[in-house]
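S.K.: Need coordinates for the following:
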Amino acid sequence: MTYNEALDYMVSQLPMFHRVGKAAYRADLGNALVLDEFFGHPHQKFASIHIAGTNGKGSTSHMLASVLQQAGYKVGLYTSPHLKDFRERIRINGEMISQVEVTRFVEEYRALFDRVKPSFFEMTVAMAFDYFARRNVEVAVVEVGLGGRLDSTNIITPILSVITSIGLDHTDLLGSTLPQIAGEKAGIIKRGIPVVVSQLQPEIADVFTSKAGEMQSPLVFADSEYKVREMSYSASGTQTFLVDHGGNPEQWDTDLMGSYQRLNLPGVLAALDVLRNEGYRITSDAQKQGLRMVQQLTGLMGRWQKLQDRPLIYCDTGHNVDGITMVMEQIHRMSYAKLHVVLGMVADKDIDGMLSILPADAIYYFTRAALPRALDQNILKTKAKGFGLKGEAYPTVAQALEAAKGSANEDDLIYVGGSTFVVAEVV
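M.R.: Numbers count the residues shown, from 1 in each chain. Below is the predicted model of the structure:
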């Protein structure tokens, strides 16, 4: 079996959420537990940190992995979805799992998968945990795929749970209200295990305090302890935050751009405090260097990522109302003559909610990513017209971006986004 044949098997035989949506979601841990038993409970052979949330869990996961790596630990990192290469999901110290490892795993255990019929995600979790155990990682940062309580990753007992900001997303699966969704995310809280919640959101705070109390888990609302006072940008391509902790302001730099990182940084800093209390040797220098070099050390892409100068082109994976709101805030902080938006969305998202917060004075290039869940570009154009958004429709992301480049002047700004999968085609 070749690597491409292994990928073809995973994509064609195993239900894949990012392609087909709800049909691939398994609302139980049955298959995850069967696979875990078969592979000898590999997640018990390394320490883990579990990250859930609606927005920010990818950035948070990568920041924590970067700092731990800089502190000298052998760090596994499991995230989803991938942008360009399946292997982005499974890394050790920033290096993706090899094609040989992926091929061997699928080929060797294909009979098992044909019998158990796991989802794409369930199989991928098993692959990651088996790989981390065999490679003797010291600690793995594990990002939840969807929700938390019933996510395939929730078979682990971590040393720390982190929950980032909560918003309305996947409401058909997780609930239609913030408390319902928060309840699903709180499902990663394990008995006696510390939990850090990045933001104190008053309407759902009691969901976390109640669950943490029930599980006798120490709870920290990070932004009550770490308060971001100022943000600025440097010529070297980093973002600087002045963060107040107990009346002691300190400056932290990161190469992750986007003003929304101010919501993630307190959770990361509080999580690192917990890890120190657990005995992890994380010096201030390792923390500074790790935060400053997240992209370099972990390979993270797509978070307010610059693709070109003159005209400026940025992309961002924000793909729900809260995510797009943060992107708009970022755009409002920038200087440009005219805004051009290359926009594609997934059909099962809150399309109207996202369209309602986009600016009517921009020029739009409506498109669709190359996957079944993508909303048809002409339908998107029609929906957008109802919100006063005007532009043309293009059948591919590449054509839409080329049209934007052809129309934009050097002092304009082109933003590419609306869906993780649109961004995947331009990074």
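S.K.: helices or strands next to the host helix or strand of residue 107 in the packing?
M.R.: Using DSSP states H and E, residue 107 maps to helix 99-108. Where contact means 3 or more C-beta pairs under 8 Å, 6 or more residues apart in numbering; DSSP states H and E, helix 99-108 is packed against helix 3-13, helix 120-134. Yep, even glycine has a C-beta here, placed from its N, CA and C like the rest.
S.K.: Downstream of the longest one, the next helix or strand is which one?
M.R.: Same thing as helix 120-134. Past helix 120-134, further along toward the C-terminus, the next helix or strand under DSSP H and E is strand 139-143.
S.K.: and that next one, average pLDDT?
M.R.: Mean per-residue pLDDT for strand 139-143: 98.
S.K.: In its sheet, which strands sit next to it, and in what direction?
M.R.: For strand 139-143, the pairing partners within the sheet under DSSP bridges are strand 47-52 (parallel), strand 75-78 (parallel).
S.K.: Out of those, which is the most enclosed?
M.R.: Most buried of the strands paired with strand 139-143 by mean neighbour count (mean count of other C-beta atoms under 10 Å) is strand 75-78; its value is a mean of 28.
S.K.: Just the CA atoms from it would do, formatted as PDB, please.
M.R.: Provided in PDB are the C-alpha atoms of strand 75-78 (Å, rounded to 0.1, in the frame of the first residue of the first chain):
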ATOM      1  CA  VAL A  75       6.000  17.000  22.900                       C
ATOM      2  CA  GLY A  76       3.200  15.300  20.900                       C
ATOM      3  CA  LEU A  77       0.600  17.500  19.300                       C
ATOM      4  CA  TYR A  78      -2.700  16.300  18.000                       C
END
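S.K.: Now the element after that strand, going C-ward?
M.R.: strand 90-92.
S.K.: got the contact list for that following strand?
M.R.: Strand 90-92 is contacted from outside by 65, 74-78, 96-97, 124, 127-128, 131-132, 135, 137, 298-299, using C-beta atoms under 8 Å, 6 or more residues apart in numbering.
S.K.: picking that back up, any chance of the strands paired with strand 139-143 in CSV with distance to residue 194 and mean pLDDT as columns?
M.R.: Shown next, in CSV, are those (distance: least, C-beta to C-beta, whole Å; pLDDT from 0 to 100):
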stretch, distance to residue 194, mean pLDDT
strand 47-52, 10, 98
strand 75-78, 19, 98
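S.K.: Could you dump those strands into CSV and include distance to residue 215?
M.R.: Shown next, in CSV, are these (distance: least, C-beta to C-beta, whole Å):
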stretch, distance to residue 215
strand 47-52, 13
strand 75-78, 23
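S.K.: Quick one, which of those gets closest to residue 221.
M.R.: Checking the strands paired with strand 139-143 against residue 221 by C-beta to C-beta gives strand 47-52 as the closest, at 15.2 Å.
S.K.: the inter-axis angle of the next helix or strand after that closest one versus strand 47-52?
M.R.: Sequence order places helix 57-70 as the next helix or strand after strand 47-52, per DSSP H and E. Orientation note: helix 57-70 sits at an angle of 160 degrees relative to strand 47-52 (axes from the mean of the first three to the mean of the last three C-alpha atoms, to 10 degrees).
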